[in-house]
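My questions are about this predicted structure, shown below with the sequence.
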Amino acid sequence: MTASAHAAVHLAQLNVATLRHPLDDPRVAPFVELLDPVNASADDAPGFVWRLVEEGAADATGLRPAGENVIITMSVWETQEALWEFTYRSGHLEAMQRRREWFERHVEAYLVLWWVPAGHLPTVDEAMERLAELRANGPSHRAFTFASSYPAAEAAQHLQAASSAPSEQAARDSRPSPAGDAAAV
Amino acid sequence: MENIEAIAALQDPVRRRLYEYVAAQGREVGRNEAAEAAGVARTLAAHHLDKLAEVGLLESGSRRLTGRSGPGAGRPAKVYTRARGERSVSLPARDYRTAAELLAEAAEEAGLDAGLRAAARRRGAALRGTAAPCGGLEEAMETLAARGYEPHLEGTEGGDDTADAEPAGRVVRMRNCPFHAVAEGFPPLVCGMNLALLEGLFGTDGAVRARMDARPGECCVVIENSKNNHH
């Protein structure tokens, strides 16, 4: 990671997905086959910082903090754009496009984003809390989605305010996001 | 009004050729290159390119085209790219974009991916009609160009480049996503629809086939020769 003014905050992501069939079911086999290549492409993607992996495993599919049939992914990225490009403009899109074959449709939010201080690796508990916040209160600077994002500069201010008084620079940088800035409509 | 003025700027045939050339390159284009492509003098090209930038159809910047820097590198040259924004004029006023966004939002919430893809595949097949299945990549390029995809051939992706007329690994990529605004808002839903539309258009048992291969800044689908696919 390069040290720069923008390295103050990173974007954390949690995704929950309810399996229609167990992971060893042949109907989910195409998804399971995509796991390793897609995870490898995430690891090599620009702006990738970290992803959750179960101890002794290649991924996090064995962890089931949100329910017996609910798998999660969790990762940290340098910027929201980096996460967006990987999610929707890489081989990952092919898996997303087939999501209905493998996963139940969620009525509630299934993705939550939040800013963390650079270097902080979120815990699963912390991530589940953010998802609960998003589901209970709707998007805020503490828990948001691509469609309702909060700019990094604002997050830097909030994170700083949590530990000390906000600096003049952070206050100056804290502007509402321009309408065209959101990744999604 | 702003859109009408921008579009009206293309009425001049030289200006239109310059715009189409810059747009088709998908990279920064200098004045000399654009002038040559449009078959006009450099000063005339410069005038029209700047006019296109002024109305917002192109974006301009400066770059040292030789890649050199420091003393002796010369003055940076002015370069142009197509502006990212969309322009449309509808008379009388129509707003299909809002309708598309609302329908996409509802389809996303209801999880209608499969139904949307089925409809798109039917539409693609209907657009093809009774025409013979697409014979190859060149023909596919024409079909795609007519639908606004801005196709271009991309060579061997590290594949074995033999002396064959049709090197393995040659694919058609597309610079433009005709569904850009809704695709950005609902990527899996709308990109899946786009793939199904192209599958319908080219068929799944002909000489070419559509495959999803998303990358930044381009359409998420590539068209390739069926026989070159080893899956």
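Nice, I can see it.

Identify the residue nearest the residue nearest to the spatial centre of chain B in space, chain neighbours excluded?
Nearest to the mean C-alpha position of chain B, by Cα atoms, centre = their mean, lies B:Asn176 at 2.3 Å. Excluding the flanking residues, the one nearest B:Asn176 by Cβ to Cβ, 6 or more residues apart in numbering or on different chains is B:Glu150, at 4.0 Å. All C-beta atoms are positioned from the backbone trio N, CA, C, and that covers glycine.

burial count for A:Pro37?
Neighbours of A:Pro37 under the rule other Cβ atoms under 10 Å in any protein chain shown: 12.

could you pull out the helices for chain A?
Assignment of helices within chain A using DSSP state H yields the ranges A:29-44, A:80-88, A:92-97, A:99-102, A:124-137, A:152-163, A:168-173.

pLDDT below threshold where in the chain?
All of this is about chain A. Applying pLDDT under 70 to chain A picks out residues A:1-7, A:163-185.

Let me rephrase: I mean chain B.
Confidence mapping of chain B against pLDDT under 70 gives the ranges B:1, B:65-73, B:156-168, B:228-231.

Could you list the contact residues of it toward chain A?
Proximity of chain B to chain A, by Cβ under 8 Å from any Cβ of the partner chain, involves residues B:101, B:110-111, B:113-114, B:181-182, B:184-188, B:191-192, B:195, B:212-217, B:220.

on that earlier part again, test my guess that the residue nearest to B:Asn176 contacts B:Cys177.
No. Taking contacts as Cβ atoms under 8 Å, B:Glu150 lies outside contact range of B:Cys177: 9.3 Å.

before we move on, the earlier item: separation between the residue nearest to B:Asn176 and B:Leu144?
Noted for B:Glu150: a distance of 8 Å to B:Leu144, by Cβ to Cβ, to the nearest Å.

Overlap of the contact sets of those two?
Here B:Glu150 and B:Leu144 have B:Met174 as joint contacts, going by Cβ atoms under 8 Å, 6 or more residues apart in numbering or on different chains.

Of all the strand elements in chain A, which one is longest?
Longest among the strand segments of chain A by residue count, using DSSP state E, is strand A:9-18.

before we move on, back to that, ok, the residue nearest to B:Asn176 - how many residues close by?
By other Cβ under 10 Å, the residues close to B:Glu150 number 20.

Let me see the contact set for the spatially closest residue to A:Leu35 that is not a sequence neighbour.
Nearest residue to A:Leu35, sequence neighbours excluded (Cβ to Cβ, 6+ apart): A:Asp59, at 5.7 Å. For A:Asp59, the contact set (Cβ under 8 Å, 6+ apart) comprises A:Leu35, A:Asp36, A:Asn39, A:Val53.

Could you pull up phi and psi at B:Leu44?
The phi/psi pair for B:Leu44 (degrees, to the nearest 10) reads phi -70, psi -40.

Was I right to think it contacts B:Asp50?
No. With contact defined as Cβ under 8 Å, B:Leu44 does not count as touching B:Asp50 (11.0 Å).

Quick one: the strands in chain B, in order.
All strands of chain B, identified by DSSP E, fall at B:29-30, B:58-63, B:77-82, B:151-154, B:171-174, B:208-212, B:221-225.

Tabulate the ones you listed (CSV), appending mean neighbour count.
CSV is the format used below for the strands of chain B (neighbours: other Cβ atoms under 10 Å in any protein chain shown):
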stretch, mean neighbour count
strand B:29-30, 20
strand B:58-63, 15
strand B:77-82, 20
strand B:151-154, 16
strand B:171-174, 22
strand B:208-212, 22
strand B:221-225, 21
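
CSV for these, including distance to A:Ala161?
Shown next, in CSV, are the strands of chain B (distance: least, Cβ to Cβ, whole Å):
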stretch, distance to A:Ala161
strand B:29-30, 47
strand B:58-63, 38
strand B:77-82, 40
strand B:151-154, 49
strand B:171-174, 46
strand B:208-212, 43
strand B:221-225, 45
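
one step back: make a ChimeraX selection of the buried ones in the residues of chain B next to chain A.
Buried members of the residues of chain B next to chain A, defined by 16 or more other Cβ atoms under 10 Å in any protein chain shown, are picked up in ChimeraX with:
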select /B:101,111,113,182,184,185,186,187,188,191,192,195,212,213,214,220
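
among the residues of chain B next to chain A, which are in helices?
Of the residues of chain B next to chain A, the ones assigned to helices by DSSP H are B:101, B:110, B:113-114, B:181-182, B:184-185, B:187-188, B:191-192, B:195.

between those, which is nearest B:Thr130?
B:Leu195 (23.3 Å; Cβ to Cβ).

Could you check how far the closest residue to B:Phe202 other than its chain neighbours is from chain A?
Distance criterion Cβ to Cβ, 6+ apart; nearest residue to B:Phe202, sequence neighbours excluded, is B:Cys134 at 5.1 Å. According to Cβ to the nearest Cβ, to the nearest Å, B:Cys134 stands 22 Å off from chain A.

so how many other residues sit close to B:Cys134?
Neighbour count for B:Cys134, taken as other Cβ under 10 Å: 22.

Surely it is in contact with B:Thr143?
Yes. B:Cys134 sits in contact with B:Thr143 when judged by Cβ under 8 Å, with a separation of 6.5 Å.

Overlap of the contact sets of those two?
Common neighbours of B:Cys134 and B:Thr143, using Cβ under 8 Å, 6+ apart, are B:Phe202.

what's residue 120 in contact with, if anything?
No chain specified, so I'll use chain A. A:His10.

ah, I was thinking of chain B
So B:Ala120 contacts B:Met193, B:Asn194, B:Ala196, B:Leu197, B:Gly200 (Cβ under 8 Å, 6+ apart).
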